[in-house]
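Colleague: take a look and give me a structure for this.
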Amino acid sequence: MRGPLPFDEFASDGCTKSPEMVRGEDGGMVSVSLACVFHDCAYSIGKSESHRRQTDLDFVANMLILQAQWPVAWSYYRAVRVLGAFSRGRVSHRACE
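Modeller: Residues are numbered from 1 along each chain as shown. Got it, this is the predicted structure:
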């Protein structure tokens with residue numbers, strides 16, 4: 001997985017109102033919850049737009065690593081590009097290493 005590693009006690013809401021089980025490359029369902037946790041973790045420590053951009057690119061890469069279909073990964077990526085600006089930096093403690 002790409003991005004900072006969450007601590008064991010890191011609190012994430014997963015994929016924030018989006019399905020965590022999505023259509024996989026083989027046509028079955030795959031979990032992308034780990035990609036969402038890594039994404040939340042990276043957002044908790046980043047403040048700049050360049051950090052956010054890289055975090056979102058890592059997110060789509062992680063979804064593909066987890067075998068999500070490209071159109072699914074792309075739609076999640078577009079959602080975090082639009083909506084992620086409103087949530088970045090809301091976690092007040094350092095949650096990643």
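Colleague: all contacts plus neighbour counts: C-alpha atoms, from now on.
Modeller: Fine.
Colleague: can you report how many residues lie near residue 57?
Modeller: Neighbour count for residue 57, taken as other C-alpha atoms under 10 Å: 17.
Colleague: host element of it?
Modeller: Using DSSP states H and E, residue 57 sits within helix 49-65.
Colleague: so which bits of the helix or strand just after that helix are buried?
Modeller: As assigned by DSSP H and E, the chain's next helix or strand after helix 49-65 is helix 70-83. By neighbour count on 16 or more other C-alpha atoms under 10 Å, the buried set for helix 70-83 is 70, 72, 73, 74, 76, 77, 80, 81.
Colleague: tell me the two of these that are most distant?
Modeller: 70 and 81 (16.2 Å; C-alpha to C-alpha).
Colleague: list the buried residues of stretch 51-66.
Modeller: Using 16+ other C-alpha under 10 Å as the test for burial, stretch 51-66 gives 52, 55, 56, 57, 58, 59, 60, 61, 62, 63, 64, 66.
Colleague: now that stretch, how far from the centre of its chain.
Modeller: Centroid separation for stretch 51-66 versus its chain: 6 Å, with C-alpha atoms, centre = their mean, to the nearest Å.
Colleague: again with stretch 15-24
Modeller: Computed by C-alpha atoms, centre = their mean, the chain-centroid distance of stretch 15-24 equals 11 Å.
Colleague: convert it to PDB, retaining C-alpha atoms only.
Modeller: C-alpha atoms of stretch 15-24 as PDB (Å, rounded to 0.1, in the frame of the first residue of the first chain):
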ATOM      1  CA  CYS A  15     -14.900   4.900   3.100                       C
ATOM      2  CA  THR A  16     -17.200   7.700   4.500                       C
ATOM      3  CA  LYS A  17     -20.700   6.800   3.300                       C
ATOM      4  CA  SER A  18     -19.400   4.900   0.300                       C
ATOM      5  CA  PRO A  19     -19.400   1.200  -0.200                       C
ATOM      6  CA  GLU A  20     -16.300  -0.600   1.100                       C
ATOM      7  CA  MET A  21     -17.100  -3.700  -1.000                       C
ATOM      8  CA  VAL A  22     -16.800  -2.900  -4.700                       C
ATOM      9  CA  ARG A  23     -16.600  -4.700  -8.000                       C
ATOM     10  CA  GLY A  24     -13.200  -6.300  -8.500                       C
END
